[in-house]
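Student: Here is a sequence together with a model predicted from it:
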Amino acid sequence: MAANVWLDIDDDVSAAGLPTQADCQRSIDAVLAALSITQPCSVDIRVVGINEGRALNAQYRDKDYATNVLSFAAELPEALLAELDERPLGDLAICAEVVTREADEQGKALAAHWTHMIVHGALHLLGYDHIAPEDAARMEPLEREILSALGVDNPYDDETLEEGNIAP
C-alpha cells in the first residue's frame, strides 16, 4: 500500500540534490512494506533551511543547533483514527544543509543520505528509537534492511548513529 507523501521545500532552501516527491514516496513506501503496514497512511516532509532547523530543534528538543531530521509523530485518539480514510503518521523536518554537510563529511552519495534520513525519520514516526542501546539494536538492523531494499549501502559500516549538528 502506498502512502500519501507530501513534500514541502522551504523558500530559503536552494541546495542542489534535494529529493523529489517520487524519492520521498519510494522511501516511505519501503518503510511501510518492511513493517507490513497495509493501512493507507500519510506523511508530510518539510525540507528546511538552517535557521528553521535550528529554531525547531530549540523549540522541541531544547538544543540550540540544526539537526539532520526531526520527527513529529501524529498523536490522534484511536476513536478519531478509526474515522479517517488514512492514518496520518506525522511530519518530518529535514535540514538540507545538515544532510549535505554530513554526506560530504562521511563520503556518502547525497541521494543515499537523503534516503537514509527519510527512512530514519519515518521509523521514528512509527515509534522506533535509538537512544538506549536495546532500542538501537532493534531500529538499526531494520534501517539497514529497508535501505538495502532501496539500493543504499549500510550507513552504519564505519560509524555509530550520530545526530547531525551545526553549531551556532
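Tutor: Structure's in. What do you need? Just so we're clear, the structure is a prediction, and the values are computed from it rather than from any experiment. Numbers count the residues shown, from 1 in each chain.
Student: Around residue 61, count how many other residues there are.
Tutor: The local packing of residue 61 (other C-beta atoms under 10 Å) involves 12 other residues. C-betas here are computed from N, CA, C, even on glycine.
Student: shift numbering so it begins at 14
Tutor: Renumbered: residue one is now 14, and that last one reads residue 74.
Student: Who are the contact partners of it?
Tutor: Residue 74 makes contact with 80, 83, according to C-beta atoms under 8 Å, 6 or more residues apart in numbering.
Student: so how far is residue 164 from it?
Tutor: For residue 74, the distance to residue 164 equals 31 Å [C-beta to C-beta, to the nearest Å].
Student: now the strands: where do they sit in the protein?
Tutor: For the chain, strands defined by DSSP state E occupy the ranges 17-22, 54-61, 82-86, 100-108.
Student: Just the CA trace of the last one, in CSV.
Tutor: So that's strand 100-108. C-alpha atoms of strand 100-108 as CSV (Å, rounded to 0.1, in the frame of the first residue of the first chain):
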residue,chain,number,x,y,z
ARG,A,100,-3.6,7.1,9.1
PRO,A,101,-1.5,10.3,9.5
LEU,A,102,1.9,9.2,10.6
GLY,A,103,3.2,12.7,11.3
ASP,A,104,5.7,15.2,9.9
LEU,A,105,9.4,15.2,9.2
ALA,A,106,11.5,18.3,9.1
ILE,A,107,14.8,17.7,7.3
CYS,A,108,17.6,20.3,7.2
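Student: strand partners of that strand, parallel vs antiparallel please.
Tutor: Strands that pair with strand 100-108, judged by DSSP bridges, come out as strand 54-61 (parallel), strand 82-86 (antiparallel).
Student: Save the ones you listed as JSON lines, and put in distance to residue 67, mean pLDDT and mean neighbour count too.
Tutor: What follows is these, written out as JSON lines (distance: least, C-beta to C-beta, whole Å; pLDDT from 0 to 100; neighbours: other C-beta atoms under 10 Å):
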{"stretch": "strand 54-61", "distance to residue 67": "9", "mean pLDDT": "93", "mean neighbour count": "22"}
{"stretch": "strand 82-86", "distance to residue 67": "11", "mean pLDDT": "96", "mean neighbour count": "19"}
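Student: Turn the strands of the chain into a markdown table, including distance to residue 40.
Tutor: What follows is the strands of the chain, written out as a markdown table (distance: least, C-beta to C-beta, whole Å):
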| stretch | distance to residue 40 |
| --- | --- |
| strand 17-22 | 8 |
| strand 54-61 | 9 |
| strand 82-86 | 12 |
| strand 100-108 | 10 |
